[in-house]
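Student: I would like to see how this sequence folds:
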Amino acid sequence: RLGFEPALATRNTLMATEKDRIAKAAITEIPEEGAILLDAGSTTARLAEHLPADRELTVVTNSITIATTLSTRPNITLMLVGGRLRGRTLALVDSWALQALRDTFVEVAFIATNGLSLERGLTTPDTAEAMVKQASINCARRTVLLADHTKVGNDHFARFAELSDIDTFITDDGIDKHVARDLAGAGP
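Tutor: Numbers count the residues shown, from 1 in each chain. Coordinates of the predicted model:
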């Protein structure tokens, strides 16, 4: 089924406990030092809140929310990708963002999605966000998908990645075990 995109404020309240657990689990994927990318999304924003204070990191993001969260952290060198601001998601998109990401390389990209399925891969309602998500995956050595189980089985308008583009998928225990096995067989 094709889903519609709720505003960021609404998404922040949905599955909050699960998103916090996913974010805390994702900390094990953060390098001791170096550059990471945090894609715009409510679960990746939770990861920004939990970034370890003892690591010197360069964080690239296209999210105003994540940039605000990290702006006062002394151990973080914050690189904000420019572009047109989408009010619904507070994400920066379009050609300025794509140009910056073409010239960027990070160890790990932490990606959010609106939906994922075996048939369609990773999808989002907006084509501009899809292009930035795809460019984010392309600039990373490894890609970690952070998504709660309610995203599984949902397809949206614009595909931005195949499951085989994802190295690690961190989700909550609400996912059906058979579906999890099938997803793992497709790539992550």
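Student: show me the helices in this structure, by range?
Tutor: Ranges of helices in the chain, per DSSP state H, are 8-13, 16-26, 42-50, 64-70, 95-102, 127-138, 177-185.
Student: turn these into TSV, including distance to N154, mean pLDDT and mean neighbour count.
Tutor: Placement of C-beta: from N, CA and C, glycine included. As requested, the helices of the chain are exported to TSV (distance: least, C-beta to C-beta, whole Å; pLDDT from 0 to 100; neighbours: other C-beta atoms under 10 Å):
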stretch	distance to N154	mean pLDDT	mean neighbour count
helix 8-13	13	51	14
helix 16-26	15	95	18
helix 42-50	15	96	22
helix 64-70	22	97	20
helix 95-102	24	96	17
helix 127-138	14	98	22
helix 177-185	12	94	12
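Student: mind checking which of those is nearest G153?
Tutor: For these, proximity to G153 was assessed by C-beta to C-beta; helix 177-185 is nearest, at 7.4 Å.
Student: pull that closest one out as PDB, backbone CA atoms only.
Tutor: The C-alpha coordinates for helix 177-185 follow below in PDB (Å, rounded to 0.1, in the frame of the first residue of the first chain):
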ATOM      1  CA  LYS A 177      10.400 -13.200  12.300                       C
ATOM      2  CA  HIS A 178       9.700 -14.600   8.800                       C
ATOM      3  CA  VAL A 179       9.700 -11.200   7.300                       C
ATOM      4  CA  ALA A 180      13.000 -10.400   9.100                       C
ATOM      5  CA  ARG A 181      14.500 -13.600   7.600                       C
ATOM      6  CA  ASP A 182      13.300 -12.700   4.100                       C
ATOM      7  CA  LEU A 183      14.700  -9.100   4.400                       C
ATOM      8  CA  ALA A 184      18.100 -10.400   5.600                       C
ATOM      9  CA  GLY A 185      18.200 -12.800   2.600                       C
END
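Student: hmm, who's touching that helix?
Tutor: If you take C-beta atoms under 8 Å, 6 or more residues apart in numbering as the criterion, helix 177-185 is touched by L116, L118, V152, G153, L163, F169, T171.
Student: fine, thanks again, bye for now.
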